[in-house]
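J.: sequence and predicted structure below; questions after.
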Amino acid sequence: MPGGRLTQQERQQIALGLTDDLAYAEIARRLDRPTSTITREVLRNGGPTGYRADLAHRATERRAHRRQDRPRDPAAARPADGRDPEALREFEEVFTGVFMASGMSRMPARVLAALLLTDSGSLTAAELSQRLQVSPASVSKAVTFLVDQTMIRRERDERRRERYLVDDDIWYQATVASAKANAAVVAASRQGVAVLGADTPAGARLLNVARFLDYISESLVRAAEQAREVLGSKPAPPADS
């Protein structure tokens, strides 16, 4: 099995495989590479819908140059927390790709990944712009999307700067927002049933849509409430022997 970095030709084959909707395992088999290599490559470079062979190749070359420019003593280059900056950057790219694979645009995915991987869970617009090497306008647009989706929130710090935060409630809020979006589809579907008639094929179809999404939304919210109650509570102290 070949080792080493992926070649530009292999990346082109990956892009073609994604276009043909092939599974990662099948692409890996055709290239005689581990499936994990293909998965990491795609998620690191835009996800299955955003992967571009030429962009992925250039990004890999940039990462290689950064590694060559690092000081020879890895311990001296590491921050006080002991983390490997290069490994953290690579994981942030993979994490961004995961969000993109779920349907999120690249810039909101990058902002969300950056906030989740920051110990404080909080960054200003200027800090995000510097960390991601993008314009403040790009950050502002991404933040607006994430706030609208209740994935992050805004607040003012002691210096009156606007900060963007993620907290332990992020997935609860996102689940509730998803249920609310489903509720709008349910309401519209029921309206369509009244127009088309429940005894028609189209009306029956819309009624099934409404029933299905209504049930799913109710189950999602109930599960989210239970998860927040269980996971948000502190473990009980051990009983005295």
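T.: The structure has been received and is ready for your questions. Numbering: from 1, shown residues only.
J.: tell me the mean pLDDT for stretch 140-153?
T.: Confidence over stretch 140-153 (mean pLDDT, whole number) is 90.
J.: what does that stretch contact?
T.: In this structure, residues lying in contact with stretch 140-153 by Cβ atoms under 8 Å, 6 or more residues apart in numbering are 105, 107-108, 110-112, 115, 125, 128, 154, 164-167, 170, 173-174, 176-177. Backbone N, C-alpha and C define where each C-beta goes, glycine included.
J.: so among those residues, which ones count as buried?
T.: When burial is judged by neighbour count using 16 or more other Cβ atoms under 10 Å, the buried members of these are 107-108, 110-112, 115, 125, 128, 164, 166, 170, 173, 176.
J.: of the residues you listed, which belong to helices?
T.: Those of the buried ones among the contacts of stretch 140-153 mapping onto helices are Met107, Pro108, Arg110, Val111, Leu112, Leu115, Ala125, Leu128, Ile170, Gln173, Val176, per DSSP state H.
J.: quick check: the farthest pair among those?
T.: Put simply, by Cβ to Cβ the two of these set farthest apart are Ala125 and Val176, 26.3 Å from each other.
J.: what ranges does the chain have for its helices?
T.: Taking DSSP H, the helices of the chain run over residues 8-19, 24-31, 35-44, 47-50, 53-69, 74-77, 85-101, 106-116, 125-132, 136-148, 170-196, 201-232.
J.: so which of those helices is nearest Glu158?
T.: Comparison of these against Glu158 by Cβ to Cβ identifies helix 125-132 as nearest, at 15.4 Å.
J.: just the pLDDT for the closest residue to Ser135 other than its chain neighbours.
T.: The spatially closest residue to Ser135, leaving aside those adjacent along the chain, is Ser129, at 6.7 Å (Cβ to Cβ, 6 or more residues apart in numbering). The pLDDT attached to Ser129 in the predicted structure is 91.
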